[in-house]
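Student: coords please:
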Amino acid sequence: MKPAHYFIENPDVLTREREISIEIFGTHLRFFTNNGLFSCDKIDDASLTLVQNMPQISGTVLDLGCGYGFIGIALACKNKIILTQSDINSLALGYAEKNSRLNNVPATQIHSDSFEKISTTFDTITLNPPIHAGKSTMYRMYEESANFLNENGSLFVVIQKKHGAESTIKKLNQIFTTCITLHKKRGCYVLHCVK
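Tutor: Sure, this is the predicted structure:
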């Protein structure tokens, strides 16, 4: 069997579906996950830190590299948004769709390698970058995000110091008009970039 990398297509992953849940923003959310998906046994700490430290948002939102959908679905509990979920992994995207329905969050799903099959722009893009895909992939996602934001649109990124937070901040400052650190605790950074 091939290694189970969450950021690539891998139809050979042995399936073991499970359900996880969380209370957030006064709402009980449930998620089905499976082997081969990022953080399939619990809500990822960095993703949770991201949604807990973002300001109020509205309008169109892209959950880029959505996995099974936690970030966008959680944000929809707190904000009035029009949600799009995208991922390179069709298994992940199928679960994002399933979990959106499960939690009564209307969303559109796009099977795409970064922005390859995305044709619209957004008010907000969220990203917990696929660290193990490599720096070149992460940087491409940062650069392409700027092209898919509406004027004054925002990119929110969460990244650990040990995974290259300092180099990410340097790169984002080269791409965006503004890049500030919204939150920094125990080596986890939440970054807010404005086009």
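
Student: mind listing the helices for this protein?
Tutor: 45-53, 70-78, 90-102, 135-147, 165-175 (DSSP state H).

Student: any chance of these in TSV, plus distance to Thr126?
Tutor: Bear in mind the C-beta positions are built from the backbone N, C-alpha and C, glycine included. Shown next, in TSV, are those (distance: least, CB to CB, whole Å):
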stretch	distance to Thr126
helix 45-53	7
helix 70-78	5
helix 90-102	13
helix 135-147	10
helix 165-175	14
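
Student: how about those helices, which one is nearest Phe115?
Tutor: When those are compared by CB to CB, helix 135-147 sits nearest Phe115, at 4.5 Å.

Student: buried residues, that closest one. List them.
Tutor: The neighbour-count check on helix 135-147 (16 or more other CB atoms under 10 Å) flags Thr137, Met138, Tyr139, Met141, Tyr142, Glu144, Ser145, Ala146 as buried.

Student: of these, closest to Gly26?
Tutor: Within the buried residues of helix 135-147, the smallest distance to Gly26 is 29.8 Å, found for Ser145 (CB to CB).

Student: doesn't Leu127 make contact with the closest one?
Tutor: Yes - at 6.9 Å, Ser145 and Leu127 qualify as touching, with contact defined as CB atoms under 8 Å.

Student: tell me the most buried of the helices of the chain?
Tutor: Across these, the average number of neighbours (mean count of other CB atoms under 10 Å) peaks for helix 70-78, which reaches a mean of 24.

Student: packing partners for that one?
Tutor: For helix 70-78, the packing partners by 3 or more CB pairs under 8 Å, 6 or more residues apart in numbering; DSSP states H and E come out as strand 18-24, strand 27-33, helix 45-53, strand 59-64, strand 81-87, helix 90-102, strand 107-111, strand 122-127.
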